[in-house]
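> Got a sequence here, can you model it:
(one chain, ligands or ions: 1)
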Amino acid sequence: SVPDPLMKQAYQFQEAMMMYTCAIREVKTKLEVLNDELSVRNSRNPIELVKSRVKKPVSIVEKLKRRNLPVSLESMMENLDDVAGIRVICSFLDDIYAVADMLARQDDVHIIAIKDYISQPKINGYRSYHMIIEIPVFFSDQKKWMRVEVQIRTMAMDFWASLDHQLKYKKEMQEYSQEISDELRECADVIAQTDEKMLNIRKRIEEQGITVTK
Ligand code: 0O2
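You can find the predicted model right below:
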């Protein structure tokens with residue numbers, strides 16, 4: 001039979017994962033409310049799609065080990081910001097900042113950290129707006145502040161990041177050759193220029209008094 005301490009740990013882990021899932025649900029509801037309101041007000045949806053995931057146990061252990069941190073439930077809750085992850089895919093560049101601001105202004109949202117990889121892209125070309133937030137989740141016997149990583153990006157940025165992720169996965173985290181890195185970076189830059197052009201087109205259309213609808 002399974003020894004008791006192991007069983008206890010398994011239950012505690014399961015409970016923690018349930019809490020992260022609930023935190024994701026709370027943030028998703030906030031995003032849905034914002035999207036509904038803005039789509040009524042502006043006749044277009046700033047948010048195209050919201051994806052979410054709870055980090056897999058193997059990835060959690062790998063990340064803790066990579067950072068030389070203790071592998072325990074407490075260590076995970078204390079040290080990892082992205083156990084609960086939400087990806088918000090926006091239509092246009094300015095929607096990213098609008099959504100981020102609206103989320104940040106809510107008084108039950110605590111901002112832990114912001115990483116703006118749009119104004120300062122990563123060396124490889126990766127672009128996205130990252131927010132680590134904490135929100136209260138109300139359980140039967142306690143209110144728990146749960147940490148969630150929110151990544152906000154345009155469809156174009158998501159296209160690049162998804163393919164980059166796939167390529168990395170296939171190469172099992174090896175470094176790319178310089179030539180491939182350069183070409184990937186080039187693609188990211190072209191994509192960023194396209195995002196800016198699309199925003200510019202939308203603004204010009206809006207100036208003419210036509211509302212862009214989906
Ligand atoms: P997954 O599978 O998406 O969960 P960290 O990498 O978390 O140890 P840091 O600086 O705290 O370090 O995190 P950062 O760079 O703000 O954000 C990490 C997450 O952003 C990654 O999570 C990816 O989702 C995304 N990301 C960052 N850089 C890149 C990149 O170059 N390419 C792609 N495709 N995604 C990136 P994970 O845990 O690495 O992966």
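
> what residues are up against Leu6?
Contact criterion C-beta atoms under 8 Å, 6 or more residues apart in numbering gives no residues in contact with Leu6. All C-beta spots, glycine's among them, are computed from the backbone N, C-alpha and C.

> following the helix or strand harbouring it, which helix or strand shows up next?
Leu6 is part of helix 4-42, with elements assigned from DSSP states H and E. Downstream of helix 4-42, the next assigned helix or strand under DSSP H and E is strand 47-54.

> How about that next one, which residues are buried there?
For strand 47-54, the neighbour count (16 or more other C-beta atoms under 10 Å) marks Ile47, Glu48, Val50, Ser52, Val54 as buried.

> Packing partners of that strand?
helix 4-42, strand 84-90 (3 or more C-beta pairs under 8 Å, 6 or more residues apart in numbering; DSSP states H and E).

> Between these, which one is closest to the ligand.
Minimum separation from the ligand across these (C-beta to the nearest ligand atom) falls at strand 84-90, 6.0 Å.

> Taking their axis directions, the following helix or strand past the closest one and helix 4-42 sit at what angle?
Per DSSP H and E, strand 84-90 leads on to helix 93-105 as the next helix or strand towards the C-terminus. Put simply, helix 93-105 runs at 120 degrees to helix 4-42, going by axes from the mean of the first three to the mean of the last three C-alpha atoms, to 10 degrees.

> Contacts made by helix 93-105 with the rest, please.
Here helix 93-105 has contacts from 27, 30-31, 34, 38, 46-47, 88, 90, 109, 111, 114, 118, 129, 131, 133, 150, 152-154, 195-196, 198-199, using C-beta under 8 Å, 6+ apart.

> Neighbouring strands - and their directions - for the helix or strand just after it?
Sequence order places strand 110-116 as the next helix or strand after helix 93-105, per DSSP H and E. Strand 110-116 has the following sheet partners, assigned by DSSP bridges: strand 129-138 (antiparallel).

> what inclination does the helix or strand just after the partner strand have with respect to strand 47-54?
Using DSSP H and E, the helix or strand that follows strand 129-138 towards the C-terminus is strand 143-154. On the basis of the same axes, to 10 degrees, strand 143-154 is oriented at 130 degrees to strand 47-54.

> helices or strands up against strand 143-154?
Against strand 143-154 (3+ C-beta pairs under 8 Å, 6+ apart) you get helix 4-42, strand 84-90, helix 93-105, strand 129-138.

> Give me the buried positions along that strand.
Neighbour counts over strand 143-154 (16+ other C-beta under 10 Å) mark Lys144, Met146, Arg147, Val148, Glu149, Val150, Gln151, Ile152, Arg153, Thr154 as buried.
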